[in-house]
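*Asks:* pasting the sequence and the predicted model now:
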Amino acid sequence: MNNTWWVPGGPIFFYTGNEGVIEAFAENSGFMWDIAPEFNALLIFAEHRYYGESLPFNGNYSKDPHKLGYLSSEEALADFAELISFLKATIPGADKSPVIAFGGSYGGMLAAWFRMKYPNICAGAIAASAPVAQFTSPCDAFGRIVTSDFTAAAPNGTCSQTIRSSWAALDRVADKANNTGLDWLNSKWKLCTPLTSKSNMTGLKDYLSNLWTNLAMMDYPYPTTFLAPLPGNPVNAACSKMLGNYSTDEELLSHIYSGVSVYSNYTGQSTCLNIAEEDNIGADMWYYQACSEMVMPFCYDGVNDMFESKGWDLEQFSKDCKETWGVEPRPNMANLIYGGRDVSSASNIIFSNGLLDPWSSGSILKSYGSIVSIKIPEGAHHLDLRGSNPLDPVSVVSARKMERKYIRKWIKQSNAVEKSRRYNFNKS
């Protein structure tokens, strides 16, 4: 909580916490801090249950399904409603304050859903990069956007083609006799945990797929440290390391490793490549939510995208979830509860999307009444929620101006309703 610019009666800017430690999102949502003085706003960043330090059962939940059942978006939204009600009742001058929700990614989904489910508490929401419709979007759309980012980063699409060729090259190297190929990978890629058989290749490929995706998501025009320390325009930076001719699989994979190092070791402080390393935000419990309620289909064909061909197999996914978490996926639940792409009955929500961001494939890209869609062509994952930077593209500067305009409108609407309510109460 920050009350530096707070004036009693001013609005409450409320961040609906994501799948991770709340400090990571408070530090990377500079837009809220930038505009708080303009609105005399109180800043609140609420941590999502089961993440960061907000752990039930003294933190001893492990993977016990009897305890993990309390981890859901519905429970988190109810937490936020309880928290705001408590704060408004205990902070002098806050009882009539309009509440504007902010969130990015899953936090953006929660911000939108918070306005939908608790309009009596939340006056409006900025839902940045919020894939509320990812559950029913074409499973291949996400990978195609990642691929287009890498294709545009080098002449003739050579960067995405290099990555596309790397999957088969990894298999051929792993197949070499007497583990000579695996030994070469262990040495050249400086793997913290050496590969001992070809079966280990699945984990390495999963790591690479996530890494290329994260680079696309974090493709900001300036250096950041959100998921990992990265240079500005990290997709371009990685692709610049992967250019050049190659005549052998080993030469190709040497190029790939150079690109990987932009994400895994930009600071130069890592001594080995740890493919089991988590990101910087502490999102470990997201995998349970992805198995239980946030079931988002992903698939790749290796032709229209740069990933290894892989279909969406709900049956296998369900088996894996049952084995790992003891939970059966509910693939239709999120759409049933929140409506997915049908936001026609909602109001006062901005869905902002950077078109470099693969998650835009599952967001709201059209405006409906007081549901406003803002597209940011040069924007990556919730760039508009980040603080102002001299390197910001014009499109994100314009997006923030529009967001401020609507925030002011929602505050005026809420204050007018409250004034009318008090007048009618006193009159009666």
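*Replies:* Structure received. Quick caveat: nothing in here was measured; it's all calculated off a predicted structure.
*Asks:* against which helices or strands is the one helix or strand residue 127 maps to packed?
*Replies:* Assignment of secondary structure by DSSP states H and E places residue 127 within strand 124-128. Under the contact definition 3 or more CB pairs under 8 Å, 6 or more residues apart in numbering; DSSP states H and E, strand 124-128 sits against strand 99-104, helix 106-117, strand 349-354, helix 394-427. C-beta here means a position set from N, CA and C on the backbone, and glycine is covered the same way.
*Asks:* and the angle from the second one to strand 99-104?
*Replies:* Put plainly, it is helix 106-117. Computed by axes from the mean of the first three to the mean of the last three CA atoms, to 10 degrees, the angle separating helix 106-117 from strand 99-104 equals 150 degrees.
*Asks:* from residue 173, how far off is the residue most central in space within the chain?
*Replies:* When the chain is reduced to its mean C-alpha position, the closest residue under CA atoms, centre = their mean turns out to be residue 105, at 3.8 Å. With distances defined as CB to CB, to the nearest Å, the gap from residue 105 to residue 173 amounts to 35 Å.
*Asks:* ok, which stretches of the chain are strands?
*Replies:* Defined through DSSP state E, the strands belonging to the chain, from first to last, are 12-16, 42-46, 99-104, 124-128, 349-354, 371-376.
*Asks:* domain assignment for the chain?
*Replies:* 12-135+334-427, 141-325 (automatic domain parsing).
*Asks:* looking at the first one now, give me its mean pLDDT.
*Replies:* In this case it means domain 12-135+334-427. Computed over domain 12-135+334-427, the mean pLDDT rounds to 95.
*Asks:* just give the closest residue to residue 357, not the sequence neighbours.
*Replies:* residue 381 (4.7 Å; CB to CB, 6 or more residues apart in numbering).
*Asks:* OK, contacts around the one you found?
*Replies:* For residue 381, the contacting residues are 104, 105, 129, 217, 218, 354, 357, 359, taking CB atoms under 8 Å, 6 or more residues apart in numbering as the criterion.
*Asks:* redo these as a markdown table? Include distance to residue 282.
*Replies:* Below are the contacts of residue 381 laid out as a markdown table (distance: CB to CB, whole Å):
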| residue | distance to residue 282 |
| --- | --- |
| 104 | 16 |
| 105 | 14 |
| 129 | 19 |
| 217 | 17 |
| 218 | 17 |
| 354 | 24 |
| 357 | 21 |
| 359 | 19 |
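*Asks:* so which of those residues comes closest to residue 306?
*Replies:* Distance ranking of the contacts of residue 381 against residue 306, using CB to CB, places residue 217 first at 15.4 Å.
*Asks:* okay, that closest one and residue 309: tell me how far apart.
*Replies:* Residue 217 is 22 Å from residue 309, where distance means CB to CB.
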